[in-house]
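> Build me a model:
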Amino acid sequence: MNIHKIIIPTPYPIGDVNSFLVKGDRLSLFDVGPKTQDALDALKQGLKDAGYTLDDIEQVVLTHHHPDHAGWVDVFTQAEIIGHEYNDHFLRRTPGFMEYRTKFYREQLQLQAVPEKYLEKIVESKEALKLYGSTPLTKFIGDGDEVPGHPGLKAIYTPGHAQSHLIFLDESTNEVIGGDLLLDKVAANPLVEPPTDLSTLRPRALIQQQESLKLLRELNVAKVYAGHGEDIVKVNELIDKRLEKDQMRLDQLIQHVDVGSPKTVIELTLDLYPAHYRTELGLTLSKTLGYLDCLVRDGLVSEEIVNGVIVYTRN
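Residues are numbered from 1 along each chain as shown. Just a heads-up that it's a prediction; the model follows:
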């Protein structure tokens, strides 16, 4: 791939996000940073360093809908905006979708026995919503589709961290623009999000993420251009480390799940993350829920709803 990395600052703990300028039959930019002035300045400078301006970009391609990747779609007024159709819900933010989103999260958090006083803080995330762009997609792209203007560059659907997540495999170089599927320093969080069909059924995000990582491992790619941090060349080795770390966490969590004494998600979150749950409750709940999904999948733990709350017991 003829690719140029642009490093963009974000206000998030993850730090900088990477945008990738790819030259082909079309000039494409993969991901565009959060909607902050610092990010826009870095984006403009990065394009200038490569000999281009915002108006030269013919299409923006999104790996997923999170604001650190999809914030500045608004400045590319002449470009096609391309991504998984789920992105569009967060770019358009129609009243109907926002009401559905709020209801979905409230119901999920109530199932997890989260106290009422914490619900609004987790559900609304108004500050995060300000960092999203508001330009809708002009073209949807899905699993197996070729990126327009880039023969042999194909989208692969890899949900888990985000329900909209795509990676892009260049079949000629065996390299991947990887979004947040695999990062060099940290594991991307398996975030609880509404399903793509906008039903009430919660996606099992960590299980999805593990399957997406295994799919990437099967591709035996030469390099991953990651959404944060450095490019990754020892791809399969790092995937194995990520999966091993998950297993270690599963082994830790099951020690807190009792036989015959049901526990809620929030109780188990307090057990697993005693130092972080107060400041990062939404994130730690997502992680704990993901590990519980895996334990249920593996037949080690059972779940049931009692008095409107999901409880878990060890088998």
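> quick one: contacts of the longest helix belonging to the chain?
Determined from DSSP state H, the single longest helix within the chain is helix 235-254. Helix 235-254 is touched from outside by 182, 184, 187, 206, 210, 213-214, 216-217, 220-224, 232, 268, 271-272, 287-288, 291-292, 294-295, 298, 300-301, 314, with contacts defined as C-beta atoms under 8 Å, 6 or more residues apart in numbering. (Each C-beta comes from the backbone N, C-alpha and C, glycine too.)
> Okay, and which of these map to helices?
206, 210, 213-214, 216-217, 268, 271-272, 287-288, 291-292, 294-295.
> Compare these and tell me which is most surrounded.
In terms of neighbours by other C-beta atoms under 10 Å, those top out with Leu206 at 28 neighbours.
> Who are the packing partners of the next helix or strand after the longest helix of the chain?
Downstream of helix 235-254, the first helix or strand assigned by DSSP states H and E is strand 263-264. Contacts defined by 3 or more C-beta pairs under 8 Å, 6 or more residues apart in numbering; DSSP states H and E place strand 263-264 against strand 309-314.
> and Ile7, that one's in a helix?
No - read with DSSP: H, G, I helix; E, B strand; the rest coil, Ile7 is strand and lies in no helix.
> Looking at stretch 131-142 now, give me its mean pLDDT.
What stretch 131-142 shows for mean pLDDT is 95.
> What of stretch 225-244?
On average, stretch 225-244 scores 98.
> mind listing what Val75 touches?
Counting by C-beta under 8 Å, 6+ apart, Val75 has contacts 32, 40, 43, 54.
> Kindly provide the distance from the residue lying farthest from the centre of the chain to Arg297.
Going by C-alpha atoms, centre = their mean, the residue of the chain most distant from its centre is Gly260, 35.3 Å out. From Gly260 across to Arg297, the span is 21 Å (C-beta to C-beta, to the nearest Å).
> Name the residues of stretch 306-313 that come out as buried.
Across stretch 306-313, burial judged by 16 or more other C-beta atoms under 10 Å covers 309-312.
> Of the ones in helices among the contacts of helix 235-254, which is the nearest to Asn174?
Nearest to Asn174 among those is Leu216, at 11.8 Å by C-beta to C-beta.
> burial of the spatially closest residue to Asn2 that is not a sequence neighbour, as a residue count?
Leaving aside its chain neighbours, Asn2 sits nearest to Lys23 (4.2 Å; criterion: C-beta to C-beta, 6 or more residues apart in numbering). Counted by other C-beta under 10 Å, the residues lying close to Lys23 total 15.
> I'd like the distance between Lys23 and His165.
Taken as C-beta to C-beta, the span from Lys23 to His165 is 24 Å.
> Closest one to Leu109 out of the contacts of Val75, please.
The closest of these, once distances to Leu109 are taken by C-beta to C-beta, is Val32, at 30.6 Å.
> Quick check: phi and psi at Gly179.
Gly179 has phi and psi values of phi 50, psi -130 when expressed as degrees, to the nearest 10.
> quick one: low-confidence parts of the stretch 151-300 of the chain?
Residues of the stretch 151-300 of the chain that meet the criterion pLDDT under 70 lie in 276-278.
> Sorry, wrong one. I was asking about the stretch 1-150 of the chain.
120-127.
> mind listing the helices for it?
Secondary structure of the stretch 1-150 of the chain by DSSP state H, counting those that start in this stretch: the helices cover 37-49, 67-70, 87-92, 95-111, 116-124, 126-129.
> Please state the offset of the longest one from the chain centre?
Going back to what we said before, that points to helix 95-111. 19 Å (C-alpha atoms, centre = their mean, to the nearest Å).
> packing partners for it?
helix 116-124, strand 309-314.
> neighbours around the nearest residue to His69 once chain neighbours are set aside, how many?
Nearest residue to His69, sequence neighbours excluded (C-beta to C-beta, 6+ apart): Asp31, at 4.3 Å. With neighbours defined by other C-beta under 10 Å, the count for Asp31 comes to 28.
> for the one 10 residues further on, same thing?
A count of nearby residues for Asp41, using other C-beta under 10 Å, gives 12.
> now swap in Lys263 and tell me
20.
> cool, Tyr105 as well?
20.
> That one and Val309, how far apart?
Taken as C-beta to C-beta, the span from Tyr105 to Val309 is 16 Å.
> With Leu47 instead?
Applying C-beta to C-beta to Leu47 and Val309 gives a distance of 50 Å.
> now do Gln163
25 Å.
> Same question for Glu193.
21 Å.
> Now do the contacts for the residue farthest from the centre of the chain.
Going by C-beta under 8 Å, 6+ apart, the list of residues near Gly260 reads Thr313.
> Please report how far it lies from Thr313.
Gly260 is 6 Å from Thr313, by C-beta to C-beta.
> joint contacts of those two?
Counting by C-beta under 8 Å, 6+ apart, nothing touches both Gly260 and Thr313.
> Ile266: what's it in contact with?
Going by C-beta under 8 Å, 6+ apart, the list of residues near Ile266 reads 112-115, 285.
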